[in-house]
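Asks: The sequence isn't on hand, but the structure is:
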C-alpha cells in the first residue's frame, strides 16, 4: 500500500463510516462464534490496532502488520503483542489461535492460497477465521492500484480458494450492499477524472456525514447477526473453520480440556 494511503487509513480508522460499519459487521459474526473464555485471538494485518480493541473483549489478543507505521499505532493503543510480519509467514507455532481475523488483507498478497494455508496453520483445530475482501473484479479502480491489490472476489472465488486450502465454510455474505451501485458509478467516473488521481477514496465523503453513511451498515449488521446472507455488496465476508479433530486425536483433546 502506498504510504499516503496507509496514513489516510490510520487517520480515518476510528471515525470513518466504512471502518465503523465494517467493525459492526465483523462484531455481528464474532457474537455467533461462541468464543470460549481465555481464547487466543489474532488479527492478521491489524493496521492501527483498532480491531484488536474489539477482540480484547474475548481473550488474549495478538496482531501482525507488515507496515511498521501500523505496528507503532497499535502499540500506542496499548497492544503490546503486535509485531511486524507478513501474513504469508507468521512467527507463531502451529495451532496457536482459537479465532483469527484477517480483514481486507488477502487481496494484498500475490498468492492467496499461500496466505490461506498460513492462516490455517496457526489456527487451532475447530478454530475460526473471519475474513473480509473487496468484491467484484469489475469494480477495479485506482483505489485497488494505490492499495496494491492483486484481485477482487466473488463469493465463488473466495469459497474455492478457501476449500482448496483445507478450510470448511461456515458462513459467507456480501455486505455494504446499498452503496454498490453508487460506488460503481463513482469509480467509473473517477477513471476519466485526472483531478482525483491523487485523492484517497477515504476523502470522498466529509466527516460530517459519517454517522448517516454508517446507518445502512448498522442495518446489515443486524440482519447478518440473525443469520441473513446478503446477495450482493461492495465487500464479502466469510467465516471459515479448520476441521475438528477426529478419533484418538479428538479424545486426547477432550481429555486435556477436562484436566484444564
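Replies: In hand now; what should we look at? Just so it is clear, the model here is predicted, and its values are computed rather than measured.
Asks: Sheet partners, orientation included, of the longest strand anywhere in the chain?
Replies: Ranked by residue count and defined by DSSP state E, the top strand of the chain is strand 123-134. Sheet pairing of strand 123-134 (DSSP bridges) gives strand 97-103 (parallel), strand 235-241 (antiparallel).
Asks: What separation is there between the spatially closest residue to residue 184 that is not a sequence neighbour and residue 154?
Replies: Sequence neighbours aside, residue 139 is the residue nearest to residue 184 in space, at 6.0 Å (criterion: Cβ to Cβ, 6 or more residues apart in numbering). To be clear about C-beta, it is placed using only N, CA and C from the backbone, and glycine gets the same treatment. Applying Cβ to Cβ, to the nearest Å, the value for residue 139 to residue 154 is 11 Å.
Asks: now do residue 118
Replies: From residue 118 across to residue 154, the span is 23 Å (Cβ to Cβ).
Asks: Could you check which of the two is surrounded by more residues?
Replies: residue 118 (19 against 16; other Cβ atoms under 10 Å).
Asks: so that one touches residue 94, yeah?
Replies: No. Counting by Cβ atoms under 8 Å, residue 94 is not a contact partner of residue 118; they are 10.5 Å apart.
Asks: and residue 73, which of the three is it?
Replies: Following DSSP: H, G, I helix; E, B strand; the rest coil, residue 73 is assigned to helix.
Asks: those strands in the stretch 51-200 of the chain, which residues are they?
Replies: Along the stretch 51-200 of the chain, counting by DSSP state E, counting those that start in this stretch, strands occupy 59-65, 82-84, 97-103, 123-134, 168-175.
Asks: distance between the third one and the chain's centre?
Replies: Spelled out, it's strand 97-103. Computed by Cα atoms, centre = their mean, to the nearest Å, the chain-centroid distance of strand 97-103 equals 9 Å.
Asks: And for residue 163, the neighbour number?
Replies: If we define neighbours as other Cβ under 10 Å, then residue 163 has 13 of them.
Asks: same thing with residue 47?
Replies: Residues near residue 47, counting by other Cβ under 10 Å, number 26.
Asks: Would you agree it is in contact with residue 12?
Replies: No. Counting by Cβ under 8 Å, residue 47 stays clear of residue 12, with 10.8 Å between them.
Asks: Excluding chain neighbours, give the residue nearest to residue 113 in space.
Replies: Nearest residue to residue 113 in three dimensions, chain neighbours excluded: residue 165, at 5.7 Å (Cβ to Cβ, 6+ apart).
Asks: and the one you found, how far is that from residue 187?
Replies: For residue 165, the distance to residue 187 equals 30 Å [Cβ to Cβ].
Asks: Kindly report the same for residue 56.
Replies: 35 Å.
Asks: Likewise for residue 117?
Replies: On the measure of Cβ to Cβ, residue 117 and residue 187 end up 32 Å apart.
Asks: Repeat that for residue 240.
Replies: Shown here: residue 240 relative to residue 187, a distance of 29 Å by Cβ to Cβ.
Asks: Next: residue 116.
Replies: Distance, residue 116 to residue 187, using Cβ to Cβ: 27 Å.
Asks: Show me which of these two is the more surrounded one.
Replies: Each of residue 116 and residue 187 has its neighbours counted (other Cβ under 10 Å); residue 116 has more, 26 against 17.
Asks: OK, contacts around that one?
Replies: Residue 116 makes contact with 106, 161-162, 165, 167, according to Cβ atoms under 8 Å, 6 or more residues apart in numbering.
Asks: what does residue 209 give?
Replies: Residues counted as contacts of residue 209 (Cβ under 8 Å, 6+ apart) are residue 17.
Asks: and the gap between it and residue 178?
Replies: From residue 209 across to residue 178, the span is 14 Å (Cβ to Cβ).
Asks: before we move on, the earlier item: tell me which of the strands paired with strand 123-134 sits nearest to residue 19.
Replies: Between residue 19 and those, the shortest gap by Cβ to Cβ is with strand 97-103, which sits at 9.5 Å.
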